[in-house]
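Enquirer: The following block contains a protein sequence and its predicted model.
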Amino acid sequence: MRKSGIAIDEHVPLAQHCTMGVGGPARYFLEARDERAVREALEWAARRRVALYVLGGGSNLIVADAGVDGLVLKIALRGRAAREARGVVELTAAAGEPWDDLVRFTVERGWAGFECLSGIPGLVGATPIQNVGAYGREVGEALTHVRALDRRSGRFVTLSPDQCGFAYRDSVFKSGEPGRFIVLAVGYRLTPGGTPVVRYRDVLQDLERRGVRTPSLSEVRESVLGIRRSKSMVLDGDDPNRRSCGSFFLNPIVTGAELRRIEDRARFDPAMPRWPMPDGRVKLSAAWLIQAAGFERGQREGAVGLSSRHTLAIVCHDGARAADVIAFARRVRARVEERFQLRLCPEPAFWGVPDLD
Ligand SMILES: Cc1cc2nc3c(=O)[nH]c(=O)nc-3n(C[C@H](O)[C@H](O)[C@H](O)COP(=O)(O)OP(=O)(O)OC[C@H]3O[C@@H](n4cnc5c(N)ncnc54)[C@H](O)[C@@H]3O)c2cc1C
């Protein structure tokens with residue numbers, strides 16, 4: 001279907017666009033390669049009164065088996081530009097750039113800032129959505145601005161980091177005003193010739209094991225990729241755990257009173273991880289809670305289960321449907337709630353299904 005210069009496809013299967021590999025078709029589908037196409041898609045959807053869904057690499061997404069009755073806008077804007085001045089590199093990347101390609105590009109040039117964020121699937125445009133993070137770093141730490149199309153005003157806008165409202169796996173884009181902004185490009189500030197900042201114990205231990213004393217950016221990237229691979233946290237076509245969306249649940253952040261209740265229910269197990277947060281609350285390990293509630297790595301229920309290498313990843317096997325993933329996730333959440341009186345929050349976005357509730 002061709003309207004106002006944009007070619008819109010119909011009934012496009014979405015499973016192949018998502019790392020989980022489940023879900024039905026999009027009623028309408030458009031791959032936008034420039035900002036004009038994004039705006040036209042928005043106008044097209046508004047005129048027809050159909051819902052608009054923004055798709056990146058589909059690595060944090062569960063699509064319902066029935067698919068979605070709306071226009072799925074696949075972000076395919078490409079391009080990057082860098083300017084080095086006064087000891088910093090200002091890097092801007094279009095939303096459709098694959099994130100890990102950008103990380104590799106910066107590491108190869110000796111620009112510090114992204115090395116610990118190596119190997120995360122998906123596209124640049126999604127990095128501010130949940131303030132992607134790993135191994136002690138979050139994208140918001142290096143971000144200078146987000147260029148977006150504001151669906152409320154129909155205008156192109158530039159948001160500062162403060163306006164993005166970054167928090168642990170959260171931002172204005174995810175929980176503040178979900179769906180309001182379509183991210184078109186992201187600006188980051190990196191340090192040329194900088195040394196890597198490694199805060200995470202696993203990475204430090206891996207470097208030590210490799211005999212690396214003063215690691216380069218590439219050595220940190222290698223360690224991070226190796227660790228991630230050992231947990232099936234990079235996309236690898238041969239890995240039986242490959243069909244996931246990474247961590248399915250967020251690590252819960254609790255108050256002191258909640259912590260005492262959970263510790264009591266955990267019989268004060270000293271092995272329970274507790275990470276103090278700057279605001280006095282404490283972050284707990286969702287993986288530990290799931291295991292303590294009786295689940296094991298590799299456990300399967302039909303065509304879905306837990307990754308054999310990472311308790312927090314729900315994985316799909318042949319024949320899995322989105323409904324199986326959701327039913328299994330609900331069971332995990334219910335068991336944790338029963339055991340600890342604590343409700344886990346899912347991390348991915350859900351299309352065509354109302355979250356886990
Ligand atoms: C193996 C594996 C490991 C992972 N490891 C990590 C990790 O270490 N840390 C981490 O934080 N995440 C991790 N993830 C989750 C995921 O990769 C990230 O959240 C990633 O940023 C999602 O990017 P995407 O392009 O695939 O987004 P999608 O899955 O396509 O979309 C996710 C959400 O963002 C929205 N969105 C996407 N692009 C845009 C845009 N341009 N404008 C507006 N909204 C948009 C979508 O509408 C949707 O709501 C992992 C996933 C997998 C499969």
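Expert: All right, it came through fine.

Enquirer: Stretch 318-327 vs the ligand: in contact?
Expert: No: figure legend: stretch 318-327 not in contact with the ligand (CB under 6 Å from any ligand atom); closest approach 13.0 Å. Where you see a C-beta, it was placed from the backbone N, CA and C, and this is true even at glycine.

Enquirer: Just the mean pLDDT for that stretch, thanks.
Expert: Averaging pLDDT along stretch 318-327 gives 97.

Enquirer: what about residue 82, which helix or strand?
Expert: Following DSSP states H and E, one finds residue 82 within strand 80-85.

Enquirer: could you check the angle strand 80-85 makes with the following helix or strand past that strand?
Expert: Using DSSP H and E, the helix or strand that follows strand 80-85 in sequence is strand 88-94. Strand 88-94 runs at 170 degrees relative to strand 80-85, counting by axes from the mean of the first three to the mean of the last three CA atoms, to 10 degrees.

Enquirer: list the buried ones in strand 88-94?
Expert: Buried residues in strand 88-94, counted by 16 or more other CB atoms under 10 Å: 88, 89, 91, 92, 93, 94.

Enquirer: after that strand comes which helix or strand?
Expert: Where DSSP H and E defines the elements, the next helix or strand beyond strand 88-94 is helix 99-108.

Enquirer: what's the spacing between that following helix and its chain's center?
Expert: Averaging C-alpha positions (CA atoms, centre = their mean, to the nearest Å) puts helix 99-108 17 Å from its chain's average.

Enquirer: Residue 191 and residue 111, how far apart?
Expert: Separation of residue 191 from residue 111 (CB to CB, to the nearest Å) stands at 7 Å.

Enquirer: where do the contact lists of these two overlap?
Expert: Listed as contacting both residue 191 and residue 111 by CB atoms under 8 Å, 6 or more residues apart in numbering are residue 89.

Enquirer: Among those two, which residue is more densely surrounded?
Expert: More crowded of residue 191 and residue 111, by other CB atoms under 10 Å: residue 111, with 24 against 17.

Enquirer: what's the closest non-adjacent residue to that one?
Expert: Leaving aside its chain neighbours, residue 111 sits nearest to residue 190 (3.9 Å; criterion: CB to CB, 6 or more residues apart in numbering).

Enquirer: and if you look at residue 275?
Expert: Excluding the flanking residues, the one nearest residue 275 by CB to CB, 6+ apart is residue 283, at 4.2 Å.

Enquirer: Past the longest helix along the chain, which element shows up next along the chain?
Expert: If you go by DSSP state H, the chain has its longest helix at helix 322-340. Note on helix 322-340: by DSSP H and E, the next helix or strand toward the C-terminus is strand 349-351.
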